[in-house]
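Visitor: Build me a structure from this.
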Amino acid sequence: MRNEEARSRAVLILGAAPRIAVAIARALSQHGITVDIASFQAEEPNLRSRAIRKCYRLPDWRTDASAFASALLGLIRNERFDTIIPAGDPSLAALADLYNQLQSLLQVGCPLPSSVRRVLDKEVTLDIAAQCGIPIPFTCKVASAKELVDVAPRLRFPLIAKPMRKGAASFRVLYFDNLQQLSAALSRKTWGPVLLQEYCPGVGVGIEILMHNGECLAKFQHRRLREAPASGGVAVLAIAEEPDPVLLRRSMALLRALDWEGVAMVEYRLDRETGNSVLMEVNGRFWGSVSLPIAAGINFPYYYWQVLHGEEPNVPDRYRVGMRWRWTPGYFDRMQNILFEKGPRMGATPSLARELLSAVADLSPLTKEAVWSWSDPIPFVEETYRVAKTLAINVCRATFRKGVPSKLRAEIDTYSRAIPQARSRYATLRIRQAIGLPTFKRNPKAASCFENVRTILFVCYGNLMRSPIAEAMLKTQLAKRCVADVIVRSAGLHAVPGRHAHEWAMIVSQEFGLDLSKHRAQTTTPALIESSDLIVAMDFQNLAELQALFPSAEDRFLLLGHCAEGKWRNRQIPDPYFGNLQTVRSTCAILKTCIRNFAAELRPSQQLEEVLREELPGGKR
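Guide: Below you'll find the model as predicted:
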């Protein structure tokens, strides 16, 4: 295709993060290239800019890859796009999955899938870097709290946890001060394998490179002056620097080892006191501060477009070193993080007074703004509005939570976790309990729900603690009564199928003479509900969600607290998931009483009664 024809056809940017997508669009539109945007992530906005012709919404690749592929390929064929460029790790991963289908339709702005996968897998990237002689932080992989026991002696706290794979991760980075925090998080979450990495103090330095046939066509370096969060994250204030020869040489060696083609930002952590640097990761696509090199004179997006179309870029020998750059919405997000976030922090706690004094210089109008443009102000205004709205909500929440009693905050959190259609039912149950009214009244049809029971289903939130323990306890009680024909099962309304029982539940269950080693979590399905004679909920949230999701089975629902004694009678059995080992022990003690009374109230079928009378004269053991 002649380049004149290529320029007449639009480029499609996949991803709508404003500071990346708008910067790429403006850089290309300055050279007469039309740009459209497509996004499959609900959290990304519909961008409006003079540099963007149109925005499209696609199905979420992370949840329905087939629908995404069909929609994207159809869009490309209908609109006859000339080039597609990813603007984020999820977009890069999605393009790598469809690379073979895409390359016959247009120019694909990413390397071969094999190279992309090496960059998206952080463990592989670090292994290749180590083989190239590049210093890396101490790193190890764990998938569960059980695996943590083996690597614990080698861990150096504080440390950070990162997802193994970029692009489809449920979190970006988490910080931990000690082994107890880390173990509790791994026990509660369903992340899968994660990388544990020592925390490296210092400043972030990025080496940006355009690679073509193993050679560097364009290079740039920036240093992060402020990050969000303050302990380390994305750049919100940065400065252009001369490329460090050592870091540039290491970056080139790594990208060649990765067989990389196209743009990439190789990120390091530099300890300014010692001068030592370690590799953090490789971003194999346009990075968040891409508008800085563009403003300084290195137009990476246009050079890349030229390479994809067989043109030789005219890259200047020098750029404007010392240019400062700011992403204002991210800067204010950093400030609210310092003010309101109470979670673990890495490094020294930032001084609020020093931060406020620095803000005077940091917010100087002489600093290049990531998204602002006098000729195209809408992207900046809309992004600033969205961020300001979010910050205002966070400030209100923080202020509200400080003035609200902890018990009420816990109730609000539980209400928020419940599915929307069950929230009013949950609120009604809690209000009735608070004013002393009965919280659970069995349906008249269920007057004999303990009779002729053949199948019992215990239900809790994740099927990791309360319901599997109740299941094991009842099986033990029924075995003592020689009742073998009653099927006892457990499930979770929000369970992740296949998960083992929680580590604390495993420990405490052994103390109570139970074995949960073979337990695997399962979701509460319509089939399970339909096949159960009695469905037993642990708390009001479980009960409210069961009533909302399966209204036809309401006459078979029971709150286990109906069988409790004393103050727990007809009350919910709280989830010990957010407690500790002692909380689980206390919960088990309550469950033991409930299950004993529950088993005593059960009335086996007439056939089973006859068997019991034959085996146990007088009905006694």
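Visitor: what helices or strands is whichever strand in the chain runs longest leaning on?
Guide: In the chain, assigned by DSSP state E, the strand with the most residues is strand 215-228. Contacting strand 215-228 under the criterion 3 or more Cβ pairs under 8 Å, 6 or more residues apart in numbering; DSSP states H and E are the following elements: strand 203-212, strand 234-241, helix 245-257, helix 291-296, helix 300-308, helix 328-340. Where C-beta positions appear, they are placed from N, C-alpha and C, glycine not excepted.
Visitor: try 7 Å this time
Guide: The criterion is 3 or more Cβ pairs under 7 Å, 6 or more residues apart in numbering; DSSP states H and E, and the helices and strands that strand 215-228 contacts are strand 203-212, strand 234-241, helix 300-308, helix 328-340.
Visitor: and the angle from the last one to strand 215-228?
Guide: With axes from the mean of the first three to the mean of the last three Cα atoms, to 10 degrees as the basis, helix 328-340 and strand 215-228 are set at 40 degrees to each other.
Visitor: buried sites along the helix or strand following helix 328-340?
Guide: Next helix or strand after helix 328-340 toward the C-terminus (DSSP states H and E): helix 352-362. Buried residues in helix 352-362, counted by 16 or more other Cβ atoms under 10 Å: Glu355, Ala359, Asp362.
Visitor: pLDDT averaged over helix 352-362 - what is it?
Guide: Helix 352-362 shows a mean pLDDT of 80.
Visitor: What lies in contact with the helix or strand that that helix is followed by?
Guide: Heading C-terminal from helix 352-362, the first helix or strand you meet, by DSSP H and E, is strand 368-369. Residues from elsewhere that reach strand 368-369 (Cβ atoms under 7 Å, 6 or more residues apart in numbering): Leu292, Ala295, Met323, Arg324, Trp325, Arg326, Thr328, Phe380.
Visitor: quick one: the second one and Asp376, what's the gap?
Guide: Right, Ala295. Distance of Ala295 to Asp376, given as Cβ to Cβ, to the nearest Å: 14 Å.
Visitor: do the third one as well
Guide: Distance of Met323 to Asp376, computed by Cβ to Cβ: 20 Å.
Visitor: same check, this time on the fifth one
Guide: Counting by Cβ to Cβ, the gap between Trp325 and Asp376 amounts to 17 Å.
Visitor: ok, back up a step: dump the helices and strands packed on strand 215-228 into a markdown table; add mean neighbour count as well.
Guide: Formatted as a markdown table, the helices and strands packed on strand 215-228 follow (neighbours: other Cβ atoms under 10 Å):
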| stretch | mean neighbour count |
| --- | --- |
| strand 203-212 | 22 |
| strand 234-241 | 23 |
| helix 300-308 | 23 |
| helix 328-340 | 19 |
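Visitor: List the neighbouring strands of the longest strand of the chain plus their orientation.
Guide: The pairing partners recorded for strand 215-228 under DSSP bridges are strand 203-212 (antiparallel), strand 234-241 (antiparallel).
Visitor: what's the closest of the ones you listed to Val173?
Guide: With Cβ to Cβ as the criterion, Val173 lies closest to strand 234-241 of the strands paired with strand 215-228, at 10.2 Å.
Visitor: Other residues contacting that closest one?
Guide: 204, 221-228, 288-289, 292, 296, 319-327, 330-331, 334, 362.
Visitor: Apply 8 Å and report the result again.
Guide: 204-206, 220-228, 288-289, 292-293, 296, 319-327, 330-331, 333-334, 362, 367 (Cβ atoms under 8 Å, 6 or more residues apart in numbering).
Visitor: likewise stretch 141-159?
Guide: 123, 138, 140, 164, 175-179, 182-183, 186-187, 192-199, 344, 346, 500, 503.
Visitor: Could you list the low-pLDDT ranges of the protein?
Guide: 1-7, 167-171, 187-190, 231, 340-352, 400-404, 438-450, 567-568, 570, 603-621 (pLDDT under 70).
Visitor: hmm, back to that, I'd like the distance from the longest strand of the chain to the chain centre, please.
Guide: Offset of strand 215-228 from its chain centre (Cα atoms, centre = their mean, to the nearest Å): 27 Å.
Visitor: between Trp325 and Asp376, who's got more neighbours?
Guide: Trp325 (22 against 18; other Cβ atoms under 10 Å).
Visitor: Go ahead and confirm that one touches Ala370.
Guide: Yes: the criterion here is Cβ atoms under 8 Å, and Trp325 meets it with Ala370 at 6.5 Å.
Visitor: Give me the common contacts of the two.
Guide: Shared contacts of Trp325 and Ala370, counting by Cβ under 8 Å, 6+ apart, come down to Ser289, Ser291, Leu292.
Visitor: TSV please, covering the residues you listed and showing distance to Ala145 and neighbour count.
Guide: Output for the shared contacts of Trp325 and Ala370, formatted as TSV (distance: Cβ to Cβ, whole Å; neighbours: other Cβ atoms under 10 Å):
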residue	distance to Ala145	neighbour count
Ser289	37	27
Ser291	42	26
Leu292	41	28
